[in-house]
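A.B. asks: output the structure for:
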Amino acid sequence: MNDNKVKVTVDGMDVLVEPGSSVLQACEKVGVEIPRFCFHERLLVSGNCRMCLVEIEKQIKPVASCAMPVMPNMNIFTDTPLVKKAREGVLEFLLLNHPLDCPICDQGGECDLQDQAMLYGSDRSRFYETKRGVEDNNYGPLVKSIMTRCIHCTRCVRFATEVAGVPTLGTTGRGVDTEVGTYIEQTFKSELSGNIIDLCPVGALTSKPYAFTARPWELQHTESVDVHDALGSNIRIDSRGTEIMRIIPRLHEDLNEEWISDKARFSYDGLKSQRLMEPMVRKEGQLQPVSWMEALNAIKKAHQTANEGTPSAVVGELADMESSFMLKRLLAALGSSDIVTTFQGVDASPVLGKDFLGSETFGSTVRAIEEADVILMVGTFPRKECPLIEARLRKRFLEGNVRMATVYHNDSDYQQKHTYDVEHLGSDLSVVQSIAEGVHPFCQALAQSKNPLILYGAKILQDEDASAIVAMLRDIEAHTKAFSGTSQDVLNCIQPSASQMGSSWLGFQGSKKQTSSDETSILFGLHVSGEALLEVVEARQPSFVVVQGSHGDAALTVADVVLPGAAYTEKDSLFVNTEGRIQGTRRALTPPGESRVDWSILAALSEVLGVSQGMHSLEEVREALQSSLLGSNSSWGEAPGSRGSSRLPEPEWLPRFALGQISGSKKMTSWVNDYYRTDVISKNSAVMAKCSQILNEPNVGVQNG
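C.D. replies: Numbers count the residues shown, from 1 in each chain. Predicted structure coming up:
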């Protein structure tokens, strides 16, 4: 079993490691910590900081352990006088030009240079000359630079080139004149730019919105989940008192690795803007603050006096599973099942049967992208829809031996450039049709593939011919699986929001079902953006509108009652990501003012309306939700589409659709117009507004990497 492994000795301890492993990795395997600045597990090795020096038997000089591969019977020493002297010398050189501004540095308290200087450095300096000064760079509205502190580890440069795919960072000069910066002072335009803040081992790159606001030891940490896209990146919310100070990533190998998008990291200032903090009722044409009981009684009165029509509801992009479930139960008790989502979807059950849910989910996993050898993207642009899926695609591209193609309508905007080389097969639906019919040249690549992957965007589900389009994609999937012999799911949908997958599980239809045969009496809006709610109100003309959410926007112009809810940072709640993975946010703050957790508002409303659900705690709501979806004897791991579960049965072989039945000239585009402003939180964020203004401008210098 260990025949292929290499045996080495680290400080007298024998260890077996994989061939090609570095000396640093061998040391870590036996629990010996090696200091480093430039080395990072997810970036290529540069070996330029020299902090990881170790001594190897029969080697004249210390060697950089991050760049030295292990060899059989290698004898490694990490704690000899030579190693200690070498590390002390490296730190002395690094500190020669480093400014003594730790008291005002935002990195203070979590700085690698501080920590390693204490552990491995000297207790005094022999340098009494003038320190070097370097002019700061403009990295954009998110990243603050103090380049005099830079130690030239080049982590930011390698991240920009390898992970973000926007190679605008680099180094100029040599020796003491070396500087890290952007090419001809361009802004670093990437949806993942904030990650270089985490990567920087010193205070050269820090967060502009977080600058001079808090120290790390003052912060309360809460592990949670991001809701700004459908991936559900794992995050840590750092708060102080009643305010969120920053958001940073948590490690999750299957989803976001250790990166998060800029929207997830920096849009938290939108949580404080335009907040709904007290119930309101429209009186004499104006919304006026009232007590909770008065607001709930106003809804009761409207329901009792409604002469005709049935209640209906619209669920928004930030609605959690518990509140959506409670709303569904409330409407069912009132004799209605008319609930739609803000994202215009499609009812494809006539074509795909009850397994249409399998078409809307990310059939494989995000991590499976790394194993694919042929990737086809249809009507999606992951860089705007989900930047971390884009990062996975670039990671796969850099590994080589993969063919990537897209059917998408391009334009000259910089954000329409992928971060990897991709074949552009065409812009309209006729290309998808020709692939489904087996006459397109790309069919040969799909047929020869061993691990094919097809990604399509949620914008397809908005089309009036969505059933036919998805059927063609399932036809392509079936052919591809038959040729490749794989039993794994091939077709993957990138959902538009954090709540969309959960809404599908609960049986909510897309807002294409805006019109109803029955007249709407009361319309409930749960975390619905103003634009979406206005469209539904215009289509249905309800007699009474109830708006429940965390932020005020255009929805208030049509609201008769406003119920202030909690944001995702203020409640424990469940969301289902685009894979079908169930994850939960955690409460970091208390809801401000009179606002309440959403499920409890709906529970109280049920009591007032005389249709009590009998659920008075979060645990009871979750038990009822689980029983409703899966049955009383099932567990969450058996949820349809959830990770680790068996998939729903595949539908029967799907018919091909003749091009005459649908418009083959339809352009394949993304549902995202402005990446930085896609939901009510990011739209209320001043930081995201600034990013939208600055970073959406064309940048001639940005190239594919």
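
A.B. asks: which stretches of the stretch 401-550 of the chain have low pLDDT?
C.D. replies: Within the stretch 401-550 of the chain, the ranges that satisfy pLDDT under 70 run 411-416, 510-518.

A.B. asks: where along it do the strands fall?
C.D. replies: Per DSSP state E, counting those that start in this stretch, the stretch 401-550 of the chain carries strands over the ranges 403-407, 423-426, 452-457, 491-494, 520-526, 544-549.

A.B. asks: can you give me the angle the last one makes with strand 520-526?
C.D. replies: Strand 544-549 and strand 520-526 are oriented at 10 degrees to each other (axes from the mean of the first three to the mean of the last three Cα atoms, to 10 degrees).

A.B. asks: with only the CA atoms kept, save strand 544-549 in CSV.
C.D. replies: Extracted in CSV, the C-alpha atoms of strand 544-549 (Å, rounded to 0.1, in the frame of the first residue of the first chain):
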residue,chain,number,x,y,z
PHE,A,544,-54.6,44.7,0.0
VAL,A,545,-50.8,44.3,0.0
VAL,A,546,-48.7,43.1,2.9
VAL,A,547,-44.9,43.7,2.7
GLN,A,548,-42.6,41.7,5.0
GLY,A,549,-38.9,42.2,4.8
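
A.B. asks: numbering from 13 from now on, please.
C.D. replies: That works, and once the first residue is 13, the last one we named lands at strand 556-561.

A.B. asks: which helix or strand lies directly C-terminal to that strand?
C.D. replies: Per DSSP states H and E, the first helix or strand lying C-terminal to strand 556-561 is strand 573-576.

A.B. asks: give me the sheet partners of that next one and which way each runs.
C.D. replies: Looking at strand 573-576 with DSSP bridges, its partner strands are strand 292-295 (antiparallel), strand 556-561 (parallel).

A.B. asks: pLDDT (mean, whole number) over that strand?
C.D. replies: Average pLDDT, strand 573-576: 96.

A.B. asks: next, the buried residues of it.
C.D. replies: 573, 574, 575, 576 (16 or more other Cβ atoms under 10 Å). For the C-beta atoms, the positions are set from N, CA and C on the backbone; glycine is no exception.

A.B. asks: the first one against residue 312, yeah?
C.D. replies: No - in this structure, residue 573 is not within contact of residue 312 by Cβ atoms under 8 Å, at 10.4 Å.

A.B. asks: poorly predicted segments of this structure, please.
C.D. replies: 13-15, 356-373, 423-428, 522-530, 643-676, 710-717.

A.B. asks: now do the domain split for it, please.
C.D. replies: Using automatic domain parsing, the domains assigned to the chain come out as 18-108, 130-282, 292-356+512-646, 374-506+659-683.

A.B. asks: hang on, the earlier thing: could the strands of the stretch 413-562 of the chain be laid out in TSV, adding distance to residue 123 and mean neighbour count?
C.D. replies: Formatted as TSV, the strands of the stretch 413-562 of the chain follow (distance: least, Cβ to Cβ, whole Å; neighbours: other Cβ atoms under 10 Å):
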stretch	distance to residue 123	mean neighbour count
strand 415-419	39	21
strand 435-438	45	16
strand 464-469	40	25
strand 503-506	37	26
strand 532-538	44	25
strand 556-561	40	26
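
A.B. asks: now those as a markdown table including distance to residue 692?
C.D. replies: Formatted as a markdown table, the strands of the stretch 413-562 of the chain follow (distance: least, Cβ to Cβ, whole Å):
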| stretch | distance to residue 692 |
| --- | --- |
| strand 415-419 | 30 |
| strand 435-438 | 34 |
| strand 464-469 | 22 |
| strand 503-506 | 21 |
| strand 532-538 | 12 |
| strand 556-561 | 7 |
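
A.B. asks: quick one: which of those is nearest residue 206?
C.D. replies: strand 503-506 (21.4 Å; Cβ to Cβ).

A.B. asks: what's the closest one packed up against?
C.D. replies: If contacts are counted by 3 or more Cβ pairs under 8 Å, 6 or more residues apart in numbering; DSSP states H and E, strand 503-506 sits against helix 368-372, strand 464-469, helix 478-496.

A.B. asks: residue 25 is nearest to which of these?
C.D. replies: Using Cβ to Cβ, the nearest of those to residue 25 is strand 464-469, at 42.5 Å.

A.B. asks: list of residues touching that closest one?
C.D. replies: Strand 464-469 has contacts (Cβ atoms under 8 Å, 6 or more residues apart in numbering) with 376, 380-381, 384-394, 397, 401, 458, 485, 488-489, 492-493, 496, 498, 502-506, 680, 682-683.

A.B. asks: follow-up on the earlier one: wait, which of the domains of the chain is closest to residue 702?
C.D. replies: Per Cβ to Cβ, nearest to residue 702 of the domains of the chain: domain 130-282, 4.5 Å.

A.B. asks: end-to-end on the closest one?
C.D. replies: Length of domain 130-282, first residue to last, Cα to Cα, to the nearest Å: 39 Å.

A.B. asks: go on, stretch 450-462?
C.D. replies: End to end - Cα to Cα - stretch 450-462 spans 18 Å.

A.B. asks: nice, that's everything, thank you.
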